[in-house]
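J.: Predicted coordinates and the sequence they were generated for:
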Amino acid sequence: MQHLFPSQPRLTALLSALIVAFGAPVAQASSHREAPSIAGSPRVDGTDFYLFRSYENNRADYVTMIANYLPLQDAYGGPNYFKLDPNALYEIHIDNNGDAKEDLTFQFQFKNNFKNIKLPIGNQMVGIPLTQVGTVSNRNDAALNVNEQFTMNIVRGDRRTGTVAAVTNAATGSATFDKPSDNIGVKTIPDYASYAGKHIYSVNIPGCAMPAKVFVGQRQEAFAVNLGVIFDLVNAPVGVITDPTLINAAAANSIQDKNVTTLALEVHKSCLTQGSETVIGGWTSASVRQSQLVNPNPPSGYQTSTTFGGAWVQVSRLGMPLVNEVVIGLADKDKFNASVPRNDGQFATYVTHPTLPALLETVLSLPGTAPTNLPRLDLVTTFLTGIPGVNQPAGVVPSEMLRLNTAIAPVPFAQQSRLGIVGSLLSGSTDFAGFPNGRRPKDDVVDVSLVAVMGGLCVANGNANALGFGPACNPGAVPLGATAFKLHDAVDQAVVPLLPGFPYLNTPNPGSK
């Protein structure tokens, strides 16, 4: 059995080295519209993927997987709002032996049940133009003109040729689940939290002895980012983004008033791992049918203008945050979205020789600040293999996905480090349950990624290769030195509103208040 906890002597030595190097601890959108083609297909655009040991009370032996789709939803976006694509296949994949191939896949498919509610107008019965006709409070409420439902399967082995079994409602045995309506507003749905809670299901997964939980529905955007400033050539003074005391003071979270659609699943860790290996890899994808035929004279009904057919074709992929957004070159973004982890060698140059440090040099007028340890094996380790002794599986095949060591215990929310493992190393805490060991909603992946890409991990690696990033990854290769640990986007992920338990992401913003 491979033990993946960092040893206490190793941690003590590393923390001591960091304290000597830095003195006192530093104070303190993942993938939205990231590729040309997916920007035109928001219903299958994966925005964020989370993978973590559940930190809700009495759920520590479970793993939570959250896949968000359909980015930047304005809560008032009626009258049709933001239903998922009934002609798409949404999937969460788990690799539990490190070979860069899915061993388990959870598949979600959706159906819109159109009731065609009509009202008597004179001597005619006429269909209404809205998705609802009155107040909504229950599953498949009679006031809903369109009720979304979904089915869920587990596939063992290859996602297309493996063994398929239906996931069922533990209370009723049904394989069909109702999805809550989006948060239209307080007049239509006066108590949305209670209404959405009725759509959290206990489910039975074939081959898993422990009941799981599932929730699919709209949530408040949980990703915090200074989005406009970042993509406007980092339109902020260097003195601001290198001063941690200005986090939350210099900028607002630009997407907190947006919503997303969440696929959340909580499964006992014993049902996800294989043998003695405790590390799992995870990612989400969405696929659509290969062909479509648009009818110039669509019949009456709901979404009747297009007929779909052919094989499933993957159009969206997300594991590690920000990879396709700021690492993969523009020419290969669509290719990356269509690819699978086992073929990630074709994208390796983007990781070993990243352009982001050079871009930051240019837009911030800071020549000569990019790390010099090319090829960037520190980034290969962080994003493609996992960190030795933390979340790297035995015999790992380099590939991009989130990797979680299920043997590392979860940390209560209040004690979680905003900067994940990097924050724990700097502060002397023992929170190794966060990014890049999986990803929790509180983990500030933007700031951690800025630290990593500008060489912070090499400063932490020291001259003795303490973290196993390679001897070339040392403080001398990092012109920014300890300043790399102070980089931030001025927005604090840790203050985003969240729930204390499953599905963790907050109640969505209402269309009216």
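T.: Perfect, I can see it now. Computed from a predicted structure; not experimentally measured.
J.: what's Tyr62 in contact with, if anything?
T.: Residues near Tyr62 by CB atoms under 8 Å, 6 or more residues apart in numbering: Arg53, Ser54, Ala212, Glu266, Val267, His268, Lys269. Just so you know, the C-beta spots here come from the backbone N, C-alpha and C atoms, and that holds for glycine as well.
J.: Need the buried ones from those selected in PyMOL.
T.: Buried residues among the contacts of Tyr62 (16 or more other CB atoms under 10 Å), as a PyMOL selection:
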select buried, resi 53+54+212+266+267+268+269
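J.: and which of the contacts of Tyr62 is nearest to Thr245?
T.: Among these, Arg53 lies closest to Thr245 (CB to CB), at 31.6 Å.
J.: Count the residues that sit near the nearest residue to that closest one once chain neighbours are set aside.
T.: If the residues on either side of it in the chain are set aside, Arg53 comes closest to Pro410, at 3.8 Å by CB to CB, 6 or more residues apart in numbering. By other CB atoms under 10 Å, the residues close to Pro410 number 22.
J.: Just list the residues touching Pro410, thanks.
T.: By CB under 8 Å, 6+ apart, the contact set of Pro410 is Phe52, Arg53, Ser54, Tyr55, Ala60, Ala433.
J.: any idea how far Ile255 is from the second one?
T.: What it means is Arg53. The spacing between Arg53 and Ile255, counted by CB to CB, to the nearest Å, is 27 Å.
J.: can you put the contacts of Tyr62 in JSON lines and add distance to Ala490 and secondary structure?
T.: JSON lines is the format used below for these (distance: CB to CB, whole Å; DSSP: H, G, I helix; E, B strand; the rest coil):
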{"residue": "Arg53", "distance to Ala490": "30", "secondary structure": "strand"}
{"residue": "Ser54", "distance to Ala490": "30", "secondary structure": "coil"}
{"residue": "Ala212", "distance to Ala490": "38", "secondary structure": "strand"}
{"residue": "Glu266", "distance to Ala490": "33", "secondary structure": "strand"}
{"residue": "Val267", "distance to Ala490": "36", "secondary structure": "strand"}
{"residue": "His268", "distance to Ala490": "39", "secondary structure": "strand"}
{"residue": "Lys269", "distance to Ala490": "36", "secondary structure": "helix"}
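J.: Same list (the contacts of Tyr62) but as JSON lines, adding distance to Pro299 and pLDDT.
T.: Converted to JSON lines, the contacts of Tyr62 look like this (distance: CB to CB, whole Å; pLDDT from 0 to 100):
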{"residue": "Arg53", "distance to Pro299": "50", "pLDDT": "98"}
{"residue": "Ser54", "distance to Pro299": "46", "pLDDT": "98"}
{"residue": "Ala212", "distance to Pro299": "40", "pLDDT": "98"}
{"residue": "Glu266", "distance to Pro299": "41", "pLDDT": "98"}
{"residue": "Val267", "distance to Pro299": "41", "pLDDT": "98"}
{"residue": "His268", "distance to Pro299": "46", "pLDDT": "98"}
{"residue": "Lys269", "distance to Pro299": "49", "pLDDT": "98"}
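J.: Next, format the contacts of Tyr62 as CSV and append distance to Phe177.
T.: Listed next are those as CSV, based on distance: CB to CB, whole Å:
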residue, distance to Phe177
Arg53, 25
Ser54, 20
Ala212, 13
Glu266, 15
Val267, 16
His268, 20
Lys269, 23
